[in-house]
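Engineer: return atomic coordinates for the entry below.
(one chain, ligands or ions: 1)
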Amino acid sequence: MKYKFSSSIILGSILAALLGGCSAGDPETANTSGDSLAEKSFVAPGEKDEFYLFYSGGHSGQVFVAGIPSMRHIVTIPVFSPYPGTGYGFDDESRAMLGEYTWGDVHHPGLSQTDSLYDGRWLFVNDNANNRVARIDLRDFKTKQILGPIPNSSGNHGSSFVTENTEYILVATRFSVPLPKGRVAPMESYADEFNGMVSGIKVDQETGEMSLGWQILTPPFNWDLGSTGKGPSSGWAFWTSYNTEMAHETLEVNASQRDRDYAAFVNWKSAEQAVADGKAEMIDGVPVLDPSAVPGVMYFVPVGKSPHGVDTDPSGRWIVASGKLQPTTTVYDFEKVLAAIEAEDFQDTFRGIPVLNYDAIAEGEVPVGLGPLHTQYDGEGNAYTSLYIESAVAKWKLPPWTEEQRADMESIVTDKMPVHFNIGHLVVGGSDTREPYGKWLVAMNKLSKGRHANVGPSQPESSQLIDISGEKMEMVFEAYTEPEPHFAQILKVDAIEPIEVYPKAENHHPHAVWSLDEGTTWREGDTVHAKIVAVRSRFGPEKIEAKVGDKLVIHVTNIEQTSDMIHGLGISEHNINVVIDPGETKTITLDLKKPGVFPFYCTNFCSALHQEMQGYLVVEPAGETAMSQ
Ligand SMILES: [Cu+2]
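Structural biologist: Down below sits the predicted model:
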């Protein structure tokens, strides 16, 4: 069987659609909602949502948590950016974690898995801009680790893909640079001197602590989204690239030349073994494999023009990749992939890496529509592909297909739902596990085009909730989201039990104090220390004395052990605001540069006498006697 890409025919219409997009005046955009649809997403006051939606905040550097089906925003988890709302990035610990960066570009959240099911332990997210990966602990919804910048890795975009038992977070680069980092080579030498990279970020099974395990060198392709294998594809991971042309300028034209780009099929277990066998070469402190010299680690697979993602189905057998400049999505049969590798059925090699024979491994091309990007699964044999150019979601049937279906591939596409506007990512709960929840699909649209009350030029994105429990999809609700959702994860609320108070017994901070009379300040040379208690509704002590030129180190403990009794500590004119959860101690270090009396106060409303919760930082001019001791 031959699969022919009719790219040139549709390219013109695709480019027209890319430029034009959809118009807010389309009659089909009107929502024909009635009471029954409203009821589906209605969560009455006092009642709780069934699912968490963890969606990336893009260049806000944050992760947002909403409820499904209400789509109500519940909480913001700051990851790569300071966030005064929770005091993140102001205390010493989170400042150290952020390092020299005050922003990141959060892309693809990935929940930890055990046996290809969500285990409710951690959420991993990547920073596309500064080449980092972060771990959020779902015990308290807090960022606990930021790893990176990752050596030899530039544009950490194809991330964060979690392996079956969270052995690794797998990462591939969007950009290529001369390696090791710090080296400069002429742009004209891009194809030869620049490289991309696949990285295996090792995860400690007990603590979740991430470390850089190994890397695999790639040609300077721009890697895009990926997924990990399971079942027959256990031990594998997949990424697509939209720039196998290896263009370095005017990519919109120069990276759209080839009718087929490549996906990389990576055997990460083989890579791990090859590194253990000493087949890697150290680059910038990391063992790096050259896949042309280590057979079996990486294969290339032809995919439709300029693909944006590849998604493994819940069984692990069907691997689906879409080229956004093709009207079809290709289903690969991983059993055929393994057979082709075994038989060395290669149609080509590229820089020593075998290119698998497309006809031998493709199960079929599904005519989903214009601009297919990403695919999700409901666990009932259905797939849902986002169509950027059509601004729609296509529902279609996974193999096995009957002969009748094969003869009329259009019949495989069973439904299509317009979304508003121009969908990028979409998510079905548990799609990347072996047991998806199904039920709901969230379309993460790149534009909202004024479907909301006018807020001026900085418009939000829109996310739309679609009921996929029936044969036909139903649009239920739309919400507006901060910039910028790039994928999401859905987790059952009852799958986890986050703590609401940090138990006193677990607080091992050396300067925690638990009663007002223990609160104190003292001087060591040019450093003034303060151990402060925060409790409804006062700080103890309420006065800190120091002088210009001193370093001030404050350890503030919220001694409450009651849910939702949160205190803040904002210091006037010192750019400091920390928020301390019940049972938590935070440390702030600041250099005192100007004399004066500076009020500090509780920034997080805590009681009827919250307004009374305040104190003073007294900074005397340099040279004066500051404190009695
Ligand atoms: Cu307070």
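Engineer: most proximal residue of the stretch 401-550 of the chain with respect to the ion?
Structural biologist: Closest to the ion within the stretch 401-550 of the chain is Ser537: 5.7 Å, counting by C-beta to the ion. C-beta coordinates here come from the backbone N, C-alpha and C atoms, glycine included.
Engineer: remind me which residues of the stretch 101-250 of the chain are low pLDDT?
Structural biologist: In the prediction, the stretch 101-250 of the chain carries no residues with pLDDT under 70.
Engineer: show me where it has strands.
Structural biologist: For the stretch 101-250 of the chain, the strands defined by DSSP state E, counting those that start in this stretch cover 110-114, 117-127, 132-137, 142-147, 154-162, 168-175, 177-178, 194-203, 210-218, 223-228, 236-241.
Engineer: now the stretch 501-629 of the chain
Structural biologist: 520-524, 527-535, 538-540, 543-547, 551-558, 567-571, 576-580, 585-591, 596-601, 614-620.
Engineer: turn those into CSV, columns for mean neighbour count and mean pLDDT.
Structural biologist: As requested, these are exported to CSV (neighbours: other C-beta atoms under 10 Å; pLDDT from 0 to 100):
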stretch, mean neighbour count, mean pLDDT
strand 520-524, 13, 98
strand 527-535, 22, 98
strand 538-540, 20, 97
strand 543-547, 20, 98
strand 551-558, 22, 98
strand 567-571, 25, 98
strand 576-580, 24, 98
strand 585-591, 18, 98
strand 596-601, 16, 98
strand 614-620, 20, 98
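Engineer: who wins for proximity to Leu289 among the ones you listed?
Structural biologist: strand 585-591 (41.5 Å; C-beta to C-beta).
Engineer: what's the angle between the closest one and strand 576-580?
Structural biologist: Counting by axes from the mean of the first three to the mean of the last three C-alpha atoms, to 10 degrees, strand 585-591 lies at 170 degrees to strand 576-580.
Engineer: helices or strands next to strand 585-591 in the packing?
Structural biologist: helix 92-98, strand 551-558, strand 576-580 (3 or more C-beta pairs under 8 Å, 6 or more residues apart in numbering; DSSP states H and E).
Engineer: so what's the closest residue to Val63 other than its chain neighbours up against?
Structural biologist: The shortest distance from Val63 to any non-neighbouring residue, by C-beta to C-beta, 6 or more residues apart in numbering, is to Ile77 (4.3 Å). Neighbouring residues of Ile77 by C-beta atoms under 8 Å, 6 or more residues apart in numbering: Gln62, Val63, Phe64, Val65, Ile136, Phe141, Lys142, Thr143.
Engineer: how close does the first one sit to Ile341?
Structural biologist: Shown here: Gln62 relative to Ile341, a distance of 41 Å by C-beta to C-beta, to the nearest Å.
Engineer: who has more neighbours, these two?
Structural biologist: Gln62 (25 against 18; other C-beta atoms under 10 Å).
Engineer: hmm, Val79 and the more buried one touching each other?
Structural biologist: Yes: the pair Gln62 / Val79 is scored as a contact, 6.0 Å apart, by C-beta atoms under 8 Å.
Engineer: any residues in contact with both of these two?
Structural biologist: With C-beta under 8 Å, 6+ apart, Gln62 and Val79 have common neighbours Val106.
Engineer: all the helices of the chain, residue numbers only.
Structural biologist: 7-20, 35-41, 92-98, 190-193, 251-254, 268-276, 334-342, 358-361, 403-407 (DSSP state H).
Engineer: between those helices, which gets nearest to the ion?
Structural biologist: Once the helices of the chain are compared by C-beta to the ion, helix 92-98 is nearest, at 19.9 Å.
Engineer: find the nearest non-adjacent residue to the residue of the stretch 201-350 of the chain found nearest the ion, please.
Structural biologist: Closest contact between the stretch 201-350 of the chain and the ion, by C-beta to the ion, is at Gly208 (31.2 Å). Take Gly208 and drop its neighbours on the chain: the residue closest to it by C-beta to C-beta, 6+ apart is Trp122, 4.9 Å away.
Engineer: how about the contacts made by that neighbour?
Structural biologist: Neighbours of Trp122 in contact, by C-beta under 8 Å, 6+ apart: Leu111, Ser112, Arg135, Ile136, Asp137, Leu138, Thr166, Gly208.
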